[in-house]
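Peer 1: 3D, please:
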Amino acid sequence: MLEHDDDDRYITDVVMRESGYAVDIHFVESSNDLFAFLITCERMHLPLPSVILMSYNAMRADLIETITSLRQNRQYTHIPIVVLGGVVDPSLVSACYTAGANSFIRKPSSASEITGRITSFLHYWFDTVVLPGETTSTP
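Peer 2: Numbers count the residues shown, from 1 in each chain. Prediction:
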């Protein structure tokens, strides 16, 4: 998760740990850190992330450029990209989707929404969607 705000990182980490999902989350603070993390995963033969979360507020200047770069790199094209934004500007949402984002989610605006929104996110991405590298069986 690309998130620069310590409070948002803490809350996300706590809610994910308490959700019951076995999710390892790695936080980075910039697009440079994100690409360094991905390269390290490759060099050390570690699995790439199942989903990349990007906070719009953490990277306003290069959000679209980062999404585009991820989509242009063959090693990362399969990784879903989810953008989180506090204020939803229709032109920004459109630009994110055009660049290759898979989802744009409005960040919760109150503490009461946080747990529900993160739990819904986890349920969708880890119970509903089949992610790259997963095997499934039909009943």
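Peer 1: Skip the chain neighbours and tell me the closest residue to Leu122.
Peer 2: Nearest non-adjacent residue to Leu122, counting by CB to CB, 6 or more residues apart in numbering: Tyr21, 4.9 Å away. Glycine gets a C-beta too; all of them are placed from N, C-alpha and C.
Peer 1: wait, is that neighbour part of a strand?
Peer 2: No: assignment of Tyr21 by DSSP: H, G, I helix; E, B strand; the rest coil gives coil, placing it outside any strand.
Peer 1: give me the number of residues near it?
Peer 2: Residues near Tyr21, counting by other CB atoms under 10 Å, number 14.
Peer 1: got it, and Ser91?
Peer 2: Residues near Ser91, counting by other CB under 10 Å, number 7.
Peer 1: try the one 3 residues further on
Peer 2: By the other CB under 10 Å criterion, the neighbourhood of Ser94 contains 11 residues.
Peer 1: List the buried residues in the strand or helix carrying it.
Peer 2: Ser94 belongs to helix 90-99 when assigned by DSSP states H and E. Neighbour counts using 16 or more other CB atoms under 10 Å place Leu92, Val93, Ala95, Cys96, Ala99 of helix 90-99 among the buried residues.
Peer 1: so the third one touches Ile64, yeah?
Peer 2: So the one you mean is Ala95. Yes: the pair Ala95 / Ile64 is scored as a contact, 5.4 Å apart, by CB atoms under 8 Å.
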